[in-house]
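> prediction below, plus the sequence it came from.
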Amino acid sequence: MKRRPPKALFVRLFLILLLLNGSPAAAARVVKLFYIESSILSSRVQYSILLSDNFTIHSASPVFSYREYRSGRTRKLNWTERKFAYNFRQTVSRDSTSVRIVLSKYPHKPITVKFSGKHIRPYITIKGKKCRLEKIYIKATGNEAWPSVKYARVTGFDTVSGQKLTERIDR
């Protein structure tokens with residue numbers, strides 16, 4: 001079976017080719033937003049956004065996810081991972097200044113990615129406060145093939161006080 005390069009590698013190669021051709025779209029960039037890590041996996045799932053050089057969205061689905069290993073290697077999520085574990089919906093605002101992300105496993109905890117100048121930040125509500133999302137930790141049992149999720153722990157920083165906040169979400 002032939003191994004396919006991960007999506008992140010395709011994006012990088014595409015951007016390099018555009019730069020070599022001098023295209024105006026060449027100045028696109030990938031910005032990491034947040035990640036999900038699990039108690040039974042040594043890698044994490046990274047959520048990133050593809051933007052133009054002037055930090056604007058140029059697609060209806062700019063957010064994408066991929067597996068990232070400690071070594072820095074990345075790979076595209078397989079169908080099972082996308083469908084059953086890390087699936088999400090995204091909606092770009094009409095003025096293209098924000099993206100709303102809803103993780104399929106936690107639809108009651110929407111994430112809003114906001115653009116302010118050259119700053120791109122994911123926000124989520126933790127303990128009733130607006131926070132800048134850092135990560136989501138999944139406590140699971142079982143094995144990698146079919147884990148059972150016990151709870152999720154959402155971690156972020158309060159936008160007013162800067163205090164680190166954590167909220168546990170039981171399944």
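Nice, thanks for sending it over.
> what helix or strand is the closest residue to residue 118 other than its chain neighbours located in?
Closest residue in space to residue 118, ignoring its immediate chain neighbours: residue 55 at 5.6 Å, by CB to CB, 6 or more residues apart in numbering. All C-beta atoms are positioned from the backbone trio N, CA, C, and that covers glycine. Of the helices and strands defined by DSSP states H and E, none includes residue 55.
> how far away is residue 55 from residue 61?
In this view, residue 55 and residue 61 are 17 Å apart by CB to CB, to the nearest Å.
> so what's the closest residue to residue 99 other than its chain neighbours bridging to?
Once flanking residues are discounted, residue 99 sits nearest to residue 113: 4.4 Å by CB to CB, 6+ apart. Note on residue 113: beta-bridge partners by DSSP bridges are residue 99, residue 122.
> after the strand ranked longest in the chain, which helix or strand is next? Please name it.
Of all the segments assigned as strand in the chain under DSSP state E, the longest by residue count is strand 129-141. Counting by DSSP H and E, the next helix or strand C-terminal to strand 129-141 is strand 148-158.
> which other helices and strands does that following strand contact?
For strand 148-158, the elements it packs on are strand 119-126, strand 129-141, strand 164-170, judged by 3 or more CB pairs under 8 Å, 6 or more residues apart in numbering; DSSP states H and E.
> and the residue nearest to residue 99, how many neighbours?
25 (other CB atoms under 10 Å).
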